[in-house]
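Peer 1: 3D, please:
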Amino acid sequence: MAKLLLLHTKVSLLTCLFILGPVSAADGPPPAPVVVAIAKQQAIAPSSWFFGSVYSRSQANIASEVTGRLLEVAEVGQLVKQGDILARIDASAVTLQYDELRAQITSEQARLTFFSSEVERLQQLAKTNHAARTQLEQTQSDRDATQGALAAARSRFAQSKDRVERSHIKAPFSGTVAQRLLEPGEWAESGDAVVELIDIGNLEVRARIPLDSMAYITTETPLRVKAINSEVLATLRSLVPVGDIVSRLADLRLSFHHPDWRPGQSVRVAVPTGEDKQSLVVPRDALVLRSNSTRVYRINNDDIAEPIDVVLGSADGEWIEVSGELAAGDRVVIRGGERLRPGQKVIVQPAGKSVIQ
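Peer 2: Numbers count the residues shown, from 1 in each chain. Got it, this is the predicted structure:
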């Protein structure tokens, strides 16, 4: 009898727990911590993404200006400053001619000095001596001829000196040696490229854009440029107002600053395709993506989460255009919205505070 009474008591207790359980659950989930932002009206233009690349504004194949055998060539990857030697060509034959012409100039200068003094001496004698006049004329002729020979020797000397200096191939700008096009020991003709030099500190982005987009770009228009894991705002450097007749695309060049981007890197450029218009925008972080819809959670005056389905429009950086039952000034969840339930109470946290659900 006692066992039967105990069993009846347990069954009654389980029945009460089963009944009370739903009553407790009806109170709903506990308040969720969230961070919010304010929806706002903002001028925004429709845009499209176009592929581009990073280029150096100073990139050149540096050529030899004289003919000869290469003695030295800068190493690949070597950093050089403007005026530094990139390569050196054997100029021994030109150097010998240089020394010969320098000696000839010294000799001609000495002859000119002698003839000049003789002219002065004979000019004094010619005043009283007829024979001295003839000798004076001959000496003056020798002096003038020596002056011409000296001028010619100096010209040849300058040319020889220039060839000696040009046997040292110098960097026209500061940069990095990207590759050797000729190796030490090889023969270089005048005009042969020896090294490729690239200035990786003076970069620009180049892209090809539709001619129609040119009307919406000015020097004051900041354009978003995105690589794999980073994004910058670039400004217009130049826009060639002529399109290729095959592609109908114009050449766009942008100035930017990013310490880690290098020549040859692939990027994408957001180019406006229409006029600015006032639109309702929310932060991208406010979007909750579903398989068949996109929504944001609006927080009403009672701190209750209300799901609002929205349709997305144009984007501008971290802000994106939305349309739906939302208004400027509404609070939308930007952190903690992934696990929110419709009608759930929330606790608004200060911006920047982490939210753990």
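Peer 1: so what secondary structure elements neighbour the helix or strand where Glu100 lies?
Peer 2: According to DSSP states H and E, Glu100 maps onto helix 92-125. Applying 3 or more CB pairs under 8 Å, 6 or more residues apart in numbering; DSSP states H and E, we find helix 92-125 packed against helix 130-166. To be clear about C-beta, it is placed using only N, CA and C from the backbone, and glycine gets the same treatment.
Peer 1: next secondary structure after the lowest-mean-pLDDT helix or strand in the chain?
Peer 2: Every helix and strand of the chain was ranked by mean pLDDT, DSSP states H and E. The lowest is helix 2-25, at a mean of 42. On the C-terminal side of helix 2-25, the closest following helix or strand by DSSP H and E is strand 32-38.
Peer 1: the closest residue to Pro29 other than its chain neighbours: neighbour count?
Peer 2: The spatial neighbour of Pro29 that comes closest, neighbours along the chain excluded (CB to CB, 6 or more residues apart in numbering), is Gln344 at 5.8 Å. Using other CB atoms under 10 Å, Gln344 has 18 neighbouring residues.
Peer 1: contacts only, for Gln344.
Peer 2: Gln344 sits next to Gly28, Pro29, Pro31, Ala32, Ile304, Ala305 when contact means CB atoms under 8 Å, 6 or more residues apart in numbering.
Peer 1: now do the helix or strand harbouring Val194: everything it contacts.
Peer 2: According to DSSP H and E, Val194 maps onto strand 193-198. Residues from elsewhere that reach strand 193-198 (CB under 8 Å, 6+ apart): 56, 58-64, 70, 73-74, 80, 86-87, 169, 171-173, 175-182, 188, 263.
Peer 1: which among those residues end up buried?
Peer 2: The neighbour count (16 or more other CB atoms under 10 Å) marks 56, 58-60, 62-64, 70, 73-74, 80, 86-87, 169, 171, 173, 175-178, 180-182, 188, 263 as buried among the contacts of strand 193-198.
Peer 1: re the thing from before, go through the strand holding Val194 and flag the buried ones.
Peer 2: Under the neighbour-count criterion of 16+ other CB under 10 Å, strand 193-198 has Val194, Val195, Glu196, Leu197, Ile198 buried.
Peer 1: can you map out the strands along the stretch 251-357 of the chain?
Peer 2: Assigned by DSSP state E, counting those that start in this stretch, the strands in the stretch 251-357 of the chain fall at 266-272, 277-283, 288-289, 294-299, 305-316, 319-324, 331-335, 346-349.
Peer 1: the last one - contacts with which helices or strands?
Peer 2: Based on contacts counted as 3+ CB pairs under 8 Å, 6+ apart, the elements that strand 346-349 packs against are strand 32-38, strand 331-335.
Peer 1: where in this protein is pLDDT low?
Peer 2: Across the chain, the ranges flagged by pLDDT under 70 are 1-28, 93-98, 126-132, 352-357.
Peer 1: quick check: domain ranges of it?
Peer 2: Domains of the chain are assigned by automatic domain parsing as 28-44+277-349, 47-57+202-272, 64-90+168-198, 92-166.
Peer 1: let me know how buried Leu112 is, in neighbour terms.
Peer 2: Neighbour count for Leu112, taken as other CB under 10 Å: 18.
Peer 1: and for Arg253?
Peer 2: Neighbour tally, Arg253, other CB under 10 Å: 17.
Peer 1: how close does it get to Asp302?
Peer 2: Going from Arg253 to Asp302 by CB to CB, to the nearest Å gives 54 Å.
Peer 1: just to revisit the earlier point, by neighbours, which of the contacts of Gln344 wins?
Peer 2: Neighbour tally across the contacts of Gln344 (other CB under 10 Å): the maximum, 21 neighbours, falls on Ala305.
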